[in-house]
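**Q** let me see the structure of the following:
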Amino acid sequence: MKASNPPYPSRPLRWAASKTAPSNAVQASSRNTTQVLVIISLFFGLFFLLLVTVWIHIDFVHLGYRVAQLKQQERKLKFENRDLKLQKEYLLSHPRLQKLAIKKFHLAPLTPDQVFVTDEKGQF
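**A** Alright, predicted model coming up:
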């Protein structure tokens, strides 16, 4: 008669077969660790690139605002310069200086006997 269940298992016991298993498990574990490290590195690399891209975009927007502000300041200074030139021309105008000389400094136009004519050497 044949026994349906042999007294020993048909498969080798785990502890007996584990002589080769740890090296395969260590290799698989190190492979998984390497893959996880690569994925984490790629994630941080992409995060860094995204961060740099956003930073550059924000800096670009700030520079655009600064350029607009400087252009507005330039226009304002040009108008102010134009107004100052007009004011200078008004203050140095001949009719205004004549009136100022007569009213404020009590000067009168020259009479012919007050005019002295000199030659090129500066002699009378």
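**Q** after the longest helix anywhere in the chain comes which helix or strand?
**A** The helix spanning the most residues in the chain, taking DSSP state H as the definition, is helix 21-91. Counting by DSSP states H and E, the element after helix 21-91 in chain order, helix or strand, is helix 94-103.
**Q** how much space is there between residue 84 and residue 95?
**A** Note on residue 84: its distance to residue 95, by CB to CB, to the nearest Å, is 20 Å. Bear in mind the C-beta positions are built from the backbone N, C-alpha and C, glycine included.
**Q** tell me which of these two has more neighbours.
**A** residue 84 (10 against 7; other CB atoms under 10 Å).
**Q** any idea how far that one lies from residue 75?
**A** Distance, residue 84 to residue 75, using CB to CB: 15 Å.
**Q** separation between residue 31 and residue 101?
**A** 101 Å.
**Q** these two: which is more packed in?
**A** Legend: neighbour count by other CB under 10 Å for residue 31 and residue 101, higher for residue 101 (13 against 10).
**Q** quick check: the more buried one vs residue 108, distance?
**A** Residue 101 is 9 Å from residue 108, by CB to CB.
**Q** one more: residue 102?
**A** 7 Å.
**Q** which one's more surrounded, these two?
**A** residue 102 (12 against 8).
**Q** residue 95 is in contact with that one, correct?
**A** No. In this structure residue 102 lies outside contact range of residue 95 using CB atoms under 8 Å: 11.0 Å.
**Q** ok, now which ones touch residue 95?
**A** Taking CB atoms under 8 Å, 6 or more residues apart in numbering, we find residue 95 in contact with no residue.
**Q** where in this structure is pLDDT low?
**A** Counting by pLDDT under 70, the chain shows low-confidence ranges at 1-28, 124.
**Q** again, only this time at 80
**A** Flagging of the chain using pLDDT under 80 yields the residue ranges 1-30, 122-124.
**Q** dead centre of this protein: give me the residue that sits there.
**A** Centroid-nearest residue in the chain: residue 59, 4.1 Å away (criterion: CA atoms, centre = their mean).
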